[in-house]
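1. return atomic coordinates for the entry below.
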Amino acid sequence: MTPNIKKEIRVRIAPSPTGYLHIGTARSALFNWLFSKKENGKFILRIEDTDLERSEKKFEKDIIESLKWLGLTWDEGPFFQSDRLDIYEKYLRQLLEQNLAYYCYCTKEELEDERQAMLSQGMPPKYSGKCRSKVNPKAKEKPQVIRFKVPETRIAFKDLIRGDISFDTGLIGDIAIAKDLRTPLYNFAVVIDDYEMQISHVIRGEDHIANTPKQMLIQKALGFSHPHYAHLPLILDPDRSKMSKRYSATSISEYRKEGYLPEVMMNFMAFLGWHPKDEKELMTANEMIEEFDLGRIQKGGAVFNIEKLNWLNSQYIKNFSNAELVKRIKDFGISVPDRTSKGVSDDQLEKIAGITKERIKKLSDFSELADFFFKLPDYSPELLIWKETPKETIKENLEIVLKLVPDSGKIMKLAEEKGRGEILWPLRAALSGKMASPGPLEIMNILGEKEAKSRIKIAIKKLSS
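-> Numbers count the residues shown, from 1 in each chain. Have a look, this model is predicted:
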């Protein structure tokens, strides 16, 4: 069967609000979005919420907010399947009236027994079709599902990523397409929605390949044209196993809370299965749109690499201006004192951002790396000791340094005379209260003379006691 080529490119992402938006669905959304932008088409958001038992408003909200945060804005939608039940009923009645679908009365227990019997005989499990000819069921019997009559034939399609794919439909059996006239199931609802929304290309994960022949058969029965199909490679953990929560199956909202940037997530996800021609690693959204090509998507699994994600995030942060980093930190939700609280000016905040950004991998790191600028932590006097230097010597050196503040030139001259470690280590520890921090003169420059002297006095007092 040759896909019907439509003039307008129309693609969709259709998540189910039964869980938070995870990286696999977000990657599919990104590829659809990039393709639509590259081809001047339309990107549509559809919420598949007909699973009433598992669908929740909090997941629906998360999906919408996460897509917005990533910058994957849609041209149409969001459309909700729960608002479209009349449409599904119309097409279900059409199939029933044309004898292309039928009510099935088999219980779950009967179906499981049938399945086990087939497996025991080494046969692929499928529905036997025993309700196909059931015309006058007993009054006490209640239909369990509506099934579509799958013809025994061979169906083929050309996948835009994987090439020619074909299926023997005789192995499928009659598929359930609805629980009743008002409760459609996935393979049926998606066919109706894609047709009604005039979707030209279905770009989704390879775990949907087995659904494609079922959907194409329903399309044919209803007289619909076929969209183009492109099945993306699965995202794998570093050991090449299926994506798991231990490594990568984390929701987009969790990555957001951890301090990853939206543009980094977009950059990172794009490279999970696709690469530009020149093998660039840092790309803006516009650059990705310009270079995006379905033909450059790989067939094999895409390995999730958290180290690569952290590296990308750190590179973006390093490239920020100090003012932009301060803005991002505030937007992230880290409370940083401003000039109206503890006397920390905007200029000081930008200097703090500049001195810490080389070490920041995620925005959340800022709190730990820079908190001492706003409040000196309580620390042990032992932190002030450099190697085997006597405590009294450290105390005397700090008393000399106290008189030299804020003259960094004189402090460095003293350090050259007495030993850099002996002078600069205690000074750095006194100013930061931490085992690791930027250099003491950089810290002193940001703290200012008054605060620097105050902290050195605290260190001297610790050593005195």
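
2. where do the strands sit along the chain?
-> When assigned using DSSP state E, the strands of the chain occupy the ranges 10-13, 42-47, 76-80, 101-104, 145-148, 154-159, 163-168, 175-180, 183-184, 201-205, 228-232, 235-236, 302-303.

3. which ones are touching Ser465?
-> With contact set as C-beta atoms under 8 Å, 6 or more residues apart in numbering, Ser465 has these partners: Pro381. From N, CA and C alone the C-beta is placed, and that goes for glycine too.

4. including mean pLDDT and mean neighbour count, could the strands of the chain go into a markdown table?
-> Converted to a markdown table, the strands of the chain look like this (pLDDT from 0 to 100; neighbours: other C-beta atoms under 10 Å):
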| stretch | mean pLDDT | mean neighbour count |
| --- | --- | --- |
| strand 10-13 | 98 | 25 |
| strand 42-47 | 98 | 22 |
| strand 76-80 | 98 | 16 |
| strand 101-104 | 96 | 21 |
| strand 145-148 | 97 | 22 |
| strand 154-159 | 97 | 15 |
| strand 163-168 | 96 | 12 |
| strand 175-180 | 97 | 20 |
| strand 183-184 | 96 | 22 |
| strand 201-205 | 98 | 23 |
| strand 228-232 | 98 | 22 |
| strand 235-236 | 93 | 20 |
| strand 302-303 | 94 | 18 |
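
5. reformat those strands as TSV; add distance to Ser454.
-> Output for the strands of the chain, formatted as TSV (distance: least, C-beta to C-beta, whole Å):
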stretch	distance to Ser454
strand 10-13	55
strand 42-47	55
strand 76-80	55
strand 101-104	80
strand 145-148	75
strand 154-159	68
strand 163-168	71
strand 175-180	71
strand 183-184	70
strand 201-205	58
strand 228-232	58
strand 235-236	52
strand 302-303	51
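
6. which of those sits closest to Asp62?
-> Closest of the strands of the chain to Asp62 is strand 42-47, at 11.4 Å (criterion: C-beta to C-beta).

7. what are the pairing partners of the closest one, and which direction each?
-> As defined by DSSP bridges, the strand partners of strand 42-47 come to strand 10-13 (parallel), strand 76-80 (parallel).

8. list of residues touching it?
-> Judged by C-beta under 8 Å, 6+ apart, the contacts made with strand 42-47 from elsewhere in the structure are 8-17, 32-33, 36-37, 60, 63-64, 67, 72-81, 193, 197, 199.

9. kindly recompute the last result at 7 Å.
-> Here strand 42-47 makes contact (C-beta atoms under 7 Å, 6 or more residues apart in numbering) with 8, 10-15, 17, 32-33, 36, 60, 67, 74-81, 193, 197.

10. try stretch 166-177
-> 101, 124, 126-127, 129, 132, 145-156, 184-185, 187-188, 213-214, 217.

11. distance from that stretch to the middle of the chain?
-> 33 Å (C-alpha atoms, centre = their mean, to the nearest Å).

12. check stretch 225-232 too.
-> The chain centroid and the centroid of stretch 225-232 are separated by 24 Å, computed with C-alpha atoms, centre = their mean.

13. could you dump stretch 43-54 to CSV, C-alpha only?
-> Backbone C-alpha positions of stretch 43-54 (Å, rounded to 0.1, in the frame of the first residue of the first chain) are rendered in CSV as follows:
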residue,chain,number,x,y,z
PHE,A,43,2.2,20.4,15.0
ILE,A,44,-0.9,19.1,16.9
LEU,A,45,-1.3,18.1,20.5
ARG,A,46,-3.8,15.5,21.3
ILE,A,47,-4.5,14.1,24.8
GLU,A,48,-5.6,10.4,24.6
ASP,A,49,-7.6,10.3,27.8
THR,A,50,-10.2,7.6,27.1
ASP,A,51,-8.6,5.3,29.8
LEU,A,52,-10.8,6.7,32.5
GLU,A,53,-9.4,4.4,35.2
ARG,A,54,-5.8,5.6,34.8
